[in-house]
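Undergrad: Here is a sequence with its predicted model. Questions after.
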Amino acid sequence: MRPQTCDGSLDLARARANNLPRMTALSLPDAARKGADARKPLAAWLACVAVLLLAMIMLGGLTRLTQSGLSITEWRPVTGAIPPLSAAEWAQEFAKYQKIPEYRYVNAGMTLEGFKTIYWWEWSHRLLGRLIGFVFLLPMLFFAATGRVERARIPRLAFLFLLGGAQGALGWFMVKSGLSVRTDVSQYRLAAHLVMGFAIFGAVLWTLFDLVRPPADYTANAGAARGKALLFIGILVLQIMMGAFVAGLDAGWSYNTWPLMDGGLFPDNPGVLPPWYAHLFDNRGVVQFLHRMLAYLVLGLGFWLWLDAKKRLGPDAPAARSAALLLGFVAAQVMLGIMTLLAVVPLPLAAAHQLTAALLFGAALYHAHGLFARPAGTAEA
């Protein structure tokens, strides 16, 4: 190996050979530091967006749990940001709600004050969605116009914004399913809405991890660990989807015993719903049973990921530490799920259960990111 000369001539020769500007060894840390400083505003922005998305997932769950999602019967993306401001406007909104099946068959006799309570939940949920759109779009345009974001990232960011708009439209599509015949929204549309929300949250987190994770967190030659991380994420997304079916069918209010379901492993007399696949998504007992079984599977897979990373890489390896974090969230989520079921779905526990699901999803992505992605500022092998 040729020694480095004091005047940087070796750097100059290499730079000329590769048509690169001269850069001395002393300037390399400075360049990396400068790149990290340039990424800080982007990282701070995406962190704010991620926190708002987490709040959106929480507020959406609370809106569902308080049976408030059908209180606003129109989709007005712009003018809907302004709530009723007079007694006449409140009376008009209440009259619209009184025309849908939920009022006639579930909330008949509800007072105007009771309507205001559920209205504010849904209005806050929609307002937060609008706020997230502005918080995402305006900084993105500023960063792109001033050259503070790499061109390669702009298409991904633009796609995320469009995906957020599609999520709003999907939310209205979900609400619309409960305005004419049903007394609640379609559990299928609810599941699609929730999964897309988690997908947007995950994409923002992944982009944030690209910006902030140090090179030491990257696990080279991860091999089979990548497949295991993907398997865990896939099963976790399936479990989140089944959680939406549990919520959509109010299945958490039935079979409130554990570990058995009212004394049996399977729900008693679940009935037969043609076609056969409707049994998996339309039957309360079957849906809750599948949600329970998937929880055990997620717990087992989380333990497996941690043991494998610890054995292959050592207990102090970044992947082993992220797997331990993931396993901690899995255990907390399972315990919260059991407590929520036994207590017959009280609002605080149910909200905590949904929050922990989002944090667990973030931990799973963090673990996978260290196995798949190379953090910003590192050289390609």
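TA: Now that the structure is in, tell me what you want to look at. Residues are numbered from 1 along each chain as shown.

Undergrad: ok, S254 - how many residues close by?
TA: 17 (other CB atoms under 10 Å). Glycine gets a C-beta too; all of them are placed from N, C-alpha and C.

Undergrad: Need the phi and psi values for the nearest residue to it once chain neighbours are set aside.
TA: Counting by CB to CB, 6 or more residues apart in numbering, S254 lies nearest to R284, which is 5.3 Å off, once chain neighbours are set aside. The phi/psi pair for R284 (degrees, to the nearest 10) reads phi -60, psi -50.

Undergrad: tell me the contacts of R284?
TA: In this structure, R284 makes contact with L249, D250, A251, S254, P267, judged by CB atoms under 8 Å, 6 or more residues apart in numbering.

Undergrad: Among those residues, name the buried ones.
TA: Listed as buried from these are L249, A251, S254, P267; burial here means 16 or more other CB atoms under 10 Å.

Undergrad: Pull out the buried residues from the helix or strand harbouring G133.
TA: Using DSSP states H and E, G133 sits within helix 112-145. Residues of helix 112-145 classed as buried: 115-116, 118-119, 121-123, 125-129, 132-133, 135-136, 139-140, 143-144 (neighbour count, 16+ other CB under 10 Å).

Undergrad: Averaging pLDDT per element, find the lowest-scoring helix or strand in this structure.
TA: helix 9-17 (a mean of 45; mean pLDDT, DSSP states H and E).

Undergrad: tell me the angle whichever helix or strand comes after it makes with helix 112-145.
TA: Sequence-wise, the next helix or strand downstream of helix 9-17 (DSSP H and E) is helix 27-65. On the basis of axes from the mean of the first three to the mean of the last three CA atoms, to 10 degrees, helix 27-65 is oriented at 160 degrees to helix 112-145.

Undergrad: buried ones in helix 27-65?
TA: Using 16+ other CB under 10 Å as the test for burial, helix 27-65 gives 39, 42-43, 45-46, 49-50, 52-54, 56-65.

Undergrad: where does the stretch 151-300 of the chain dip in pLDDT?
TA: For the stretch 151-300 of the chain, the stretches flagged by pLDDT under 70 are 269-274, 276.

Undergrad: in it, which spans are strands?
TA: In the stretch 151-300 of the chain, no strands are defined using DSSP state E, counting those that start in this stretch.

Undergrad: residue ranges of the helices in it, please?
TA: For the stretch 151-300 of the chain, the helices defined by DSSP state H, counting those that start in this stretch cover 154-176, 187-212, 224-248, 278-282, 284-313.

Undergrad: got those helices as a markdown table, with distance to H353 columns?
TA: Below are those laid out as a markdown table (distance: least, CB to CB, whole Å):
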| stretch | distance to H353 |
| --- | --- |
| helix 154-176 | 21 |
| helix 187-212 | 13 |
| helix 224-248 | 8 |
| helix 278-282 | 20 |
| helix 284-313 | 11 |
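
Undergrad: Could you say which one of those helices comes nearest to T340?
TA: helix 224-248 (10.3 Å; CB to CB).

Undergrad: Please compute how far that closest one lies from its chain's middle.
TA: Helix 224-248 sits 12 Å away from the centroid of its parent chain (CA atoms, centre = their mean, to the nearest Å).

Undergrad: Stretch 46-61 too?
TA: 8 Å.

Undergrad: how about the CA coordinates for that stretch, as CSV?
TA: Below are the C-alpha coordinates for stretch 46-61, written out as CSV (Å, rounded to 0.1, in the frame of the first residue of the first chain):
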residue,chain,number,x,y,z
LEU,A,46,-40.1,14.1,8.7
ALA,A,47,-40.0,13.4,12.5
CYS,A,48,-42.8,16.0,12.9
VAL,A,49,-44.8,14.3,10.1
ALA,A,50,-44.2,10.9,11.7
VAL,A,51,-45.5,12.2,15.1
LEU,A,52,-48.5,13.7,13.5
LEU,A,53,-49.2,10.4,11.6
LEU,A,54,-48.9,8.5,14.9
ALA,A,55,-51.5,11.0,16.4
MET,A,56,-53.7,10.4,13.4
ILE,A,57,-53.7,6.7,13.9
MET,A,58,-54.5,7.2,17.6
LEU,A,59,-57.3,9.7,16.9
GLY,A,60,-58.7,7.5,14.2
GLY,A,61,-58.9,4.6,16.7
